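Sequence first, then the predicted structure:
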Amino acid sequence: MFRFVAMRILAAIPVLLVLSVVTFGIIKAQPGDYADYLKSMLMSQGNVSDDAAQKQADAYREQHGLNLPVPIQYVNWIGGIVTRFDFGQSMYYNRPVGDVVQERLSRTVLLALTCHILASIFGITLGIVAATRQYSWVDTLFGIVSFLGMTIPRFLLAIIIIYILAFKLNVQEIGSFFSARYGGAPWSWDKFVDLVRHVWPVVFIATFGGLAYNMRVMRANLLDVLNAQYVETARAKGLRQSAVILKHAVPNALHPLIAYQGVVLPYMMQGEIEAAIVFGLPTVGPAIVGSLGVGDVWVTATFMLVLAATLLIGNIISDLLLALLDPRVRLSGATA
C-alpha cells in the first residue's frame, strides 16, 4: 500500500508543475498588471497627471519585479513556494498571499465538503430508489430532477434565487456569512442557525448538481449490477430483496462513484465559487475575480494552483479508496 501511495504522489508532482506553468502563463497573458491599476487609481482619485502616475507605476513595477520577463517571474514565484513556502505578497490586500488564501480557502473547503456529503448521501439514496423502481413515476420524477441538476447553469440558478430573496421575499442581508449582531459573537446554536440562513443558497446550488450526477450514475450502475449472475444466485438462495440489494448489489455499484470522488471536491468547489461570486460571499470565488480585475497576479496564481492541487489530491484519495475496496487495483498500481 505504501508503494501504491508513493507512486500516486510522485506521478502528481510533474502534473502540478505543468499546471502551474500553464496557469501562470494564462494569467500573465492578459493585458495590464497591478501597476496599471495603481496608475488609474492615482489619476482618478489623487489628481495626479498622466506622466507622474506613469513614473510611479514604473517604479512600482521595478520594486516588485513586475518588469522582469515572465519566465523569471514564474521561477521566483515557484522557487519561493518550494524553498520557503512563501506565496508572495498580495499587492491589493497588502498581506502575505498565504494569509489571504488560508482565510478564503478554509471557508470554501468547508462549504464544498458540506455540499459533497449532502450530495453523496441524497444522490446515492435517490439513485437506489430510482433503480429499484425502474420505469415508475418515482423513477421518472427523479430522472427529471437529475436532468435539471446537470443542465441548469449554477450561476443562473444563483441569479434566480437571489432575485426571489431580494425582490420577492425582501431579504436584506445577502453577501455575508452572519447577521451584524452575530459577526463577532462566540459560537452558539443561534449563531449556527444564522449561518445556515445565510449560506443555504450556496450549499443548495452546489449540492444540486452533485446530487443529480450521483443519482444518475448510481441508478445506471445498480441496474447493471442487478442483472449480474451473483445477484441472481443470491435471489435463488431465497434472500430478501432488501438484503440482495444492500449487501450484494449496492457495494459493487459504488465502485464508479468512488472513482468519481477524484473530481467531486473540485466540482463542489467550482459550484461554490460560481454561486459565491453571484452572492458576494467572502470565499475563493470573489477573491479570484477581484485579483484578476486589479492584476494581483500572485493571489490569482496561488488560488488556481491550490484548486489544481485539490483535483490531484481528490484523485489520489479516490485511488486509495478503490485500492482498499478492490485489491486488484492495489496490485496493478504496485506493479505498474
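Looks like it arrived, so ask away.

Listing request: residues of the chain with sub-threshold pLDDT.
1-2, 4, 46, 261-265, 325-336 (pLDDT under 70).

Tell me which residue is most central in it.
M269 (1.6 Å; C-alpha atoms, centre = their mean).

my read is that one is in a helix, agree?
Yes - assessed with DSSP: H, G, I helix; E, B strand; the rest coil, M269 lies in a helix.

quick one: contacts for it?
Counting by C-beta atoms under 8 Å, 6 or more residues apart in numbering, M269 makes contact with 108-109, 112, 284, 307, 310. Heads up, the C-betas are built off the backbone N, CA and C, glycines and all.

Keep only those of those that are in helices.
108-109, 112, 284, 307, 310 (DSSP state H).

rewinding a little: distance of the residue nearest to the centre of the chain from A206?
Between M269 and A206 the computed distance is 8 Å (C-beta to C-beta, to the nearest Å).

list residues touching both of those two?
Common neighbours of M269 and A206 (C-beta under 8 Å, 6+ apart) are A112.

And for S49, the neighbour number?
11 (other C-beta atoms under 10 Å).

Could you give the number of residues near the closest residue to it other than its chain neighbours?
Counting by C-beta to C-beta, 6 or more residues apart in numbering, S49 lies nearest to M43, which is 7.7 Å off, once chain neighbours are set aside. Counted with other C-beta under 10 Å, residues neighbouring M43 total 16.

thought M43 was touching D50?
Yes - between M43 and D50 there is a contact under C-beta atoms under 8 Å: 6.5 Å.

What are the phi and psi values at P96?
Dihedral pair for P96: phi -60, psi 140, per degrees, to the nearest 10.

ok, and the closest non-adjacent residue to it?
Q89 (6.1 Å).

V70 too?
V70's closest residue in space is K28 (C-beta to C-beta, 6+ apart), at 4.9 Å.

okay, now that neighbour: neighbour count?
By other C-beta under 10 Å, 17 other residues sit near K28.

Please apply the same query to the one 5 residues further on.
Number of residues near D33 (other C-beta under 10 Å) recorded here: 20.

And the helix or strand hosting A158, what does it pack against?
Per DSSP states H and E, A158 falls inside helix 154-163. When contacts are defined as 3 or more C-beta pairs under 8 Å, 6 or more residues apart in numbering; DSSP states H and E, helix 154-163 sits against helix 189-226, helix 255-279.

Which residues belonging to the next helix or strand after the longest one are considered buried?
Which is helix 189-226. For helix 189-226, the following helix or strand on the C-terminal side (DSSP H and E) is helix 229-236. Along helix 229-236, these residues count as buried under the neighbour rule (16 or more other C-beta atoms under 10 Å): 231, 234.

cool, stretch 146-163 as well?
In terms of neighbour count (16+ other C-beta under 10 Å), stretch 146-163 has its buried residues at 146, 149, 154, 157-158, 161-162.

Contacts for whichever helix or strand A53 is part of next, please.
If you go by DSSP H and E, A53 is part of helix 50-64. With contacts defined as C-beta under 8 Å, 6+ apart, helix 50-64 is touched by 33-36, 38-40, 42-43, 46, 48, 66-67, 89, 91.
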